[in-house]
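A.B. asks: need the 3D shape of this:
(chains A and B)
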2 protein chains.
Amino acid sequence: MNPNLRVDEWKITEEGFNPEMNRASESIFSIGNGYMGQRANFEEHYSGDTLRGSYLAGIYYPDKTRVGWWKNGYPEYFAKVINSPSWTGISIRAGGEEVDLSKCEVLSFRRELNMKEGYLYRSFRVRMVNGLEIEAEVTRFVSSADREAGVIRYTITPLNSDTLLTVESSVDGDVYNEDANYNEYFWEEVHRESKPAYSFMETATRKTGFRVAIAARSTFRVNDRKPVEGEGIRNYEKYVSIYHNEDLKKGDTMVIEKYVAVTTSLNHPAKTLHSRALDLSKKFAAEGFDKMLNRQKEWWKKIWDESDVVIEGDPSAQQAIRFNIFHLFQTYDGHDERLNIGPKGFTGEKYGGSTYWDTEAFVLPFYLSTADSSVARNLLLYRYRHLPKAIENASILGIGGGAALYPMVTMNGEECHNEWEITFEEIHRNGAIAYAIYRYINHTGDYSYMLSGGLEVLIALSRYWSRRASFSHQKNSWVILGVTGPNEYENNVNNNWYTNLMAVWTLRYTLENIERIRKDYIEEDKQLSGEIMPGNDETALWREIAENMYFPVDKKRGIFVQQDGYLDKELLTTDTINPDERPINQHWSWDRILRSCFIKQADVLQGIYFFEDDYDRETIKRNFDFYEPHTVHESSLSPSIHSVVASMLGYTSKAYELYLRTARLDLDDYNREVREGLHITSMAGTWLAIVEGFGGMRIKNDRLFLNPVLPEAWKSLSFMMRFRNNLIRISTTMEETTIFNLSDRPVPVTFKGKEYLIKPGEKKSL
Amino acid sequence: MNPNLRVDEWKITEEGFNPEMNRASESIFSIGNGYMGQRANFEEHYSGDTLRGSYLAGIYYPDKTRVGWWKNGYPEYFAKVINSPSWTGISIRAGGEEVDLSKCEVLSFRRELNMKEGYLYRSFRVRMVNGLEIEAEVTRFVSSADREAGVIRYTITPLNSDTLLTVESSVDGDVYNEDANYNEYFWEEVHRESKPAYSFMETATRKTGFRVAIAARSTFRVNDRKPVEGEGIRNYEKYVSIYHNEDLKKGDTMVIEKYVAVTTSLNHPAKTLHSRALDLSKKFAAEGFDKMLNRQKEWWKKIWDESDVVIEGDPSAQQAIRFNIFHLFQTYDGHDERLNIGPKGFTGEKYGGSTYWDTEAFVLPFYLSTADSSVARNLLLYRYRHLPKAIENASILGIGGGAALYPMVTMNGEECHNEWEITFEEIHRNGAIAYAIYRYINHTGDYSYMLSGGLEVLIALSRYWSRRASFSHQKNSWVILGVTGPNEYENNVNNNWYTNLMAVWTLRYTLENIERIRKDYIEEDKQLSGEIMPGNDETALWREIAENMYFPVDKKRGIFVQQDGYLDKELLTTDTINPDERPINQHWSWDRILRSCFIKQADVLQGIYFFEDDYDRETIKRNFDFYEPHTVHESSLSPSIHSVVASMLGYTSKAYELYLRTARLDLDDYNREVREGLHITSMAGTWLAIVEGFGGMRIKNDRLFLNPVLPEAWKSLSFMMRFRNNLIRISTTMEETTIFNLSDRPVPVTFKGKEYLIKPGEKKSL
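C.D. replies: As a prediction, the model looks like this:
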């Protein structure tokens, strides 16, 4: 972890410059607005280690697949959200020398991510090789109020001498991805202009042909004099800039403001991108830095009013949960059904910004509880739009008849991943996608989605399960062979309990909803029957499979068995692993991991987490007690689910211990990989551990259930809940819980097993 | 298949030129002498589709591994026998136009691989664009008598007009591998010389630093005039040549002879390569083409005298088996323990010329029966030399304590392959390496190898099995989890019956030989005890594991079960597969193959093949009857083993049908992949199907067992056998079998269950 990071409830602060930590800090201090994102790269030239990264949601490149040995069914490419032209560059020369924190003596350095108000601040004081000392302050943000806007204010003051200052503000299209499979460049220049008033560049992605236009206006001002335009321009291939020279007296301050508009063909016709970018940048400059920042602050105030989690007595936990909420809303705010949540958001290249099952299994409940229901609905529509591709994908793998297998990793609905044991076999993702439909309707009560998309997806998923299962005469049951469960430390296993469970549940849930629509939605049923409804033979088969699916169990231990043969392993607990060999995935050969009993992340327990009401407490306890000690939690998604289950079992200190492993995963850089980007999707897991775990929040039978148990370290916990368009604040201490209904309708709540109706505006203490 | 190929008992002949088949023919007509090999590329310039390939045994390049997703334990490189500088080039210009079969009208074309005498012949007549008709004949060979020699005689005759002929004879170092992972060049030039008398080039491989020197002397002669040197030279980077102009009258014949010496640092000190190559090429030129070819013919005569298989009544089968024997001896003749048999020999790039378990499991018996015992012993020594690397390899994968895991694919003892399910899990290769020691001693009676290397290998292998097996409390037995058996259409399975069998057998065989040495070799035991002998605790554990290993069986069917869970599959037979979808590995997604019941190659039956005496005939029959119908035989190694077992069961027509699938695999190009090279190691399988299958040959208890059953299509079969330094010819018809002892000692034979002693020189008809 970075010893320079400071705990502050509303800010991430780094005091002092540590070049070795720079990449990690670039990830942590990233900014984004759902539309675009920017790693915390310096504006000025930096010759030290850095991963430059500007990303635009949905702008991807199909990077040609790299494999060792080709397997039939592999996709031809891996879609990557790519590093896009950089709009942040402001290089500074003072007394003829380039300001470069890698070459100057850094006298002081401070970086601050203001989570409350949504901007990045940086200040530094350096002594240059020529003896000049300068001080700089930089504030930048990508605006959530004006999503196409990036704004920077950069001030510089020479401290110990007069100097000639040269400032150059650029747009740089010469960018590449470090993780490009074949060192290809992904961008081509389409057009550029360089004027004293603005720099403009339009580029296009190769193959996919996305267009991106960037217009940047920069103004230069000394102290409180009138700002001026640049005095000269540069215009090279893939590079445009405006520069300005100024003789500064010692103590004078030069202020550069840069107003950038980024427009893309994803949102506007390509031919309008140029004029739109120019117009917008003009408008932003006219409005000015302070006004734009104020609107940004307002936007974030609203977010925090409706989603904040307050932890008293533990500033470090407080900082961490806000950090997580902040980054989730920076990554995705749900206004565009074509977008999704990449595991690293806009903070790095790894995993290519694509969509994983993380969204449905871990992130959805966060947005259901903290944002308007349209946000979660857009996440469902994202998959609905991809249904034809999912049907094609199943068919490529030999399962036809309208069956859908959603891809493991995707940008546009097509599979991108190329590890057979994951791509082809980790089919439980289909289950999470079905479960998300249930979760959405359960939480919001919005059954209309079932009629206008949900059922169609469920039918295609049920078709998949029914064709993917096969009948074992040996077991006289249906089986699902050759899968990888959530625990990716087992590959190509038979009858993964969790996968079989999700298959059966999906079949049942689909059948149930077909029944319900037949009964309660006569008109809609008529229409759906003509279009998508399965015939009786098909539903009979689904019922047969659901009723006669094989589930591995160990009667002696009273547990569900992760997969056939799991109990043949040497059943060691994780405390027997040499601490120097943790995480095992960095130290052990893959086959050693596979043949060991160690579990990467919740697998049987993931199923129990989803369907806790189907199992009695003792069963859950036996399974938790058996599996958790074999679990190495080497997925960032693991501890949070375990923490929720532990809380539910009353294992509060275990729940807290597990929560700690996930809460500050990135801030404390447990896995020494933050340099590659943040674990955005896992951040939702931390929220789950708090709200579903310690808060004991559930939605069942159209009621809000609460069952809070605080960790000892905390004085109080309070969180916001959206439930059926009502907003509720729940505040809990060791002694009592207060439920504050901020909406104008009564809310039915079950608190520790007792039913209440909380009136509009009422603050009920229990 | 190539319709231009003709059946001839001693030759492969191609009549007429088919450019689309050229790559395939280049493979089929390859020549080699164990030291070097050469695809049948044209000497003259050819602008059509060709895979140029000159290979030198043991000269490899560690090509950087390419993977999609890295797994701990993967090797950094894949060692490849690489395309080396080309010595065959003789380009021809006639009337100012290049002779290029891709651009001329080909009036006639003939290519002939003379297997009896060991050379490649080609003749063609073409009409050039300029109207000139010429005729050419080319004979070339790499000498098995002088292993560093490559020799070409090229004659050209203008048929319809006088012409100015320009001939250029070159050595070309500008070569590359098509299968290079990152399009790198593997060679650097060290030195070159170009003189009228000779061309010389010395090159070095990058990274590995192997040096290769090539000296080529070319003479030019018209009709029977005196040959002359070239009149000019060319000398460019990586290219040296000699050229000669001659005004030819219509009907004159220009004869070019090229004497090439290839020396390498694998065999001589680097600094001597230059002079040795020059001296040798001078010596070869002085001896002359005809004399050198005569010695080549003599060498091959001796090979055929001692290894020929004669099939009467089936010329196509006759041609095929000779083709196979010919290529096996072209690839490896056993004089160098540092070399081995790559799956494609010197005929293509695929599989990189590396060593696989094919050698021990399929090829060894061929050399045991057809060559001096030193040849097979060198194959064992190859692995003995690699023992330290195999111990290191096991340790990388987490199994220490002196345990050895031999690599799946190797050049120098280090693992090269990078598919976890193969590299890490296909550990049964260790079993074949142990079994090869048994086979060698059983066949030759040479127990000295056990004392001077064999036991050391066996102990390290037993250590591996004992540490790789684990105890299952569930099964109350030892189990081996997470393996891939010979049937690579199942990955990461538990308790592959074959693997468990090889493990137990290895443990037992090692223990047995430790006992034997303790008892019968007191002196040697003393020495070995100080060096390698395991302690009593260790041998006790081996005994415990061997006695309590778990083997999956199906009592109802009375069969061994390929692995845990195999019988949960839908047990379809191969006749239900749509013929358009064969081979399934080219048509089905990998996961569909994995979850299907279809078997790539002998797995349970491979174990039964190795240890047939341990099972009664009914058991073997039940297993064959169960497994063969599920087997798609998509490894070229599969049909031959099945054919041997079918012969043994008296399923002669099934045995013949299976034999046919392997016998002409390359000549008839069943899998449309001969263009990539020949299936050299599978060729030994065909020999097994004939000698062990139809011939019923076994070596047991120091006796030669014979039990011949002829396929109906054959009038007679005769083959040679080496057994304990005796040479025997077995000739069999439907009516009788004649055993001819060509050696000077009596040979104990069991013929159809009855014992005989065949006297020296005796021809016994039975």
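A.B. asks: so residue A:512, which of the three states?
C.D. replies: Look at residue A:512: counting by DSSP: H, G, I helix; E, B strand; the rest coil, its state is helix.
A.B. asks: residue A:474 too?
C.D. replies: Going by three-state DSSP: residue A:474 is coil.
A.B. asks: so it touches residue B:568, yeah?
C.D. replies: Yes: between residue A:474 and residue B:568 there is a contact at 5.3 Å, judged by Cβ atoms under 8 Å. No exception for glycine: its C-beta is placed from N, CA and C like everyone else's.
A.B. asks: of those two, give the one with the bigger neighbour count.
C.D. replies: residue B:568 (21 against 17; other Cβ atoms under 10 Å in any protein chain shown).
A.B. asks: what's residue A:420 in contact with, if anything?
C.D. replies: By Cβ atoms under 8 Å, 6 or more residues apart in numbering or on different chains, residue A:420 lies in contact with A:71, A:73-74, B:590-591.
A.B. asks: any idea which of the residues you listed is closest to residue B:705?
C.D. replies: Taking Cβ to Cβ as the measure, residue B:705 lies nearest residue B:590 of the contacts of residue A:420, at 42.0 Å.
A.B. asks: ok, that closest one touching residue A:69?
C.D. replies: No: judged on Cβ under 8 Å, residue B:590 makes no contact with residue A:69 at a distance of 10.1 Å.
A.B. asks: neighbour-wise, which of the two wins?
C.D. replies: residue B:590 (22 against 14).
A.B. asks: distance from stretch A:690-707 to the middle of the chain?
C.D. replies: 23 Å (Cα atoms, centre = their mean, to the nearest Å).
A.B. asks: now stretch A:27-46
C.D. replies: The answer for stretch A:27-46 is 16 Å, by Cα atoms, centre = their mean.
A.B. asks: how about stretch A:357-364?
C.D. replies: Stretch A:357-364 sits 9 Å away from the centroid of its parent chain (Cα atoms, centre = their mean).
A.B. asks: show me the contacts for the nearest residue to residue A:669 once chain neighbours are set aside.
C.D. replies: Among residues not flanking residue A:669 along the chain, residue A:1 sits closest, at 4.8 Å (Cβ to Cβ, 6 or more residues apart in numbering or on different chains). Contact partners of residue A:1, counting by Cβ under 8 Å, 6+ apart, are A:667-670.
A.B. asks: among the residues you listed, who's most crowded?
C.D. replies: residue A:667 (21 neighbours).
A.B. asks: correct me if wrong: it contacts residue A:5.
C.D. replies: Yes: contact criterion Cβ under 8 Å: residue A:667 and residue A:5 qualify, at 6.5 Å.
A.B. asks: shared neighbours, the two?
C.D. replies: A:12, A:28.
A.B. asks: and the pLDDT at residue A:671?
C.D. replies: Residue-level confidence at residue A:671 comes out at 78, pLDDT.
A.B. asks: ok, residue A:351 next?
C.D. replies: 72.
A.B. asks: residue boundaries of the strands in the stretch 451-600 of chain A?
C.D. replies: With strands called from DSSP state E, counting those that start in this stretch, the stretch 451-600 of chain A shows them at A:470-472, A:477-479, A:553-554, A:559-560.
A.B. asks: how about those strands in CSV, adding mean pLDDT, mean neighbour count and distance to chain B?
C.D. replies: Output for these, formatted as CSV (pLDDT from 0 to 100; neighbours: other Cβ atoms under 10 Å in any protein chain shown; distance: least, Cβ to the nearest Cβ, whole Å):
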stretch, mean pLDDT, mean neighbour count, distance to chain B
strand A:470-472, 98, 18, 4
strand A:477-479, 98, 22, 5
strand A:553-554, 98, 13, 9
strand A:559-560, 98, 22, 13
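A.B. asks: a markdown table for those strands, including distance to residue B:679?
C.D. replies: As requested, the strands of the stretch 451-600 of chain A are exported to a markdown table (distance: least, Cβ to Cβ, whole Å):
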| stretch | distance to residue B:679 |
| --- | --- |
| strand A:470-472 | 34 |
| strand A:477-479 | 37 |
| strand A:553-554 | 47 |
| strand A:559-560 | 47 |
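A.B. asks: OK, contacts around residue A:483?
C.D. replies: So residue A:483 contacts A:425-428, A:492-494, A:496, A:499 (Cβ under 8 Å, 6+ apart).
A.B. asks: most neighbours among these, please name it.
C.D. replies: In terms of neighbours by other Cβ under 10 Å, those top out with residue A:496 at 32 neighbours.
A.B. asks: residues contacting that one?
C.D. replies: A:428, A:480, A:483-485, A:490, A:562-563, A:603.
A.B. asks: change it to 6 Å
C.D. replies: Shown in contact with residue A:496 (Cβ atoms under 6 Å, 6 or more residues apart in numbering or on different chains): A:483, A:485, A:563.
A.B. asks: show the pLDDT at it.
C.D. replies: Taking residue A:496 on its own, its pLDDT is 98.
A.B. asks: show me the contacts of residue A:483 that map onto helices.
C.D. replies: Under the assignment DSSP state H, the contacts of residue A:483 contribute residue A:499 to helices.
A.B. asks: next helix or strand past the helix or strand where residue A:126 lies?
C.D. replies: For residue A:126, the element it lies in under DSSP states H and E is strand A:119-127. Sequence-wise, the next helix or strand downstream of strand A:119-127 (DSSP H and E) is strand A:133-142.
A.B. asks: could you say which helix or strand holds the spatially closest residue to residue A:34 that is not a sequence neighbour?
C.D. replies: Residue nearest to residue A:34 in three dimensions, not counting chain neighbours: residue A:333, with 4.3 Å by Cβ to Cβ, 6+ apart. Using DSSP H and E, residue A:333 falls within no helix or strand.
A.B. asks: strand partners of the helix or strand bottoming out on mean pLDDT in chain A, parallel vs antiparallel please.
C.D. replies: Least confident helix or strand, chain A: strand A:77-81 with a mean of 87, by mean pLDDT, DSSP states H and E. Here strand A:77-81 is paired, per DSSP bridges, with strand A:60-64 (antiparallel).
A.B. asks: give the rounded mean pLDDT of the strand it pairs with.
C.D. replies: Mean pLDDT, computed over strand A:60-64, is 90.
A.B. asks: all strands for the stretch 201-350 of chain A, in order.
C.D. replies: Counting by DSSP E, counting those that start in this stretch, the strands of the stretch 201-350 of chain A are A:211-222, A:232-236, A:239-248, A:254-264, A:309-312.
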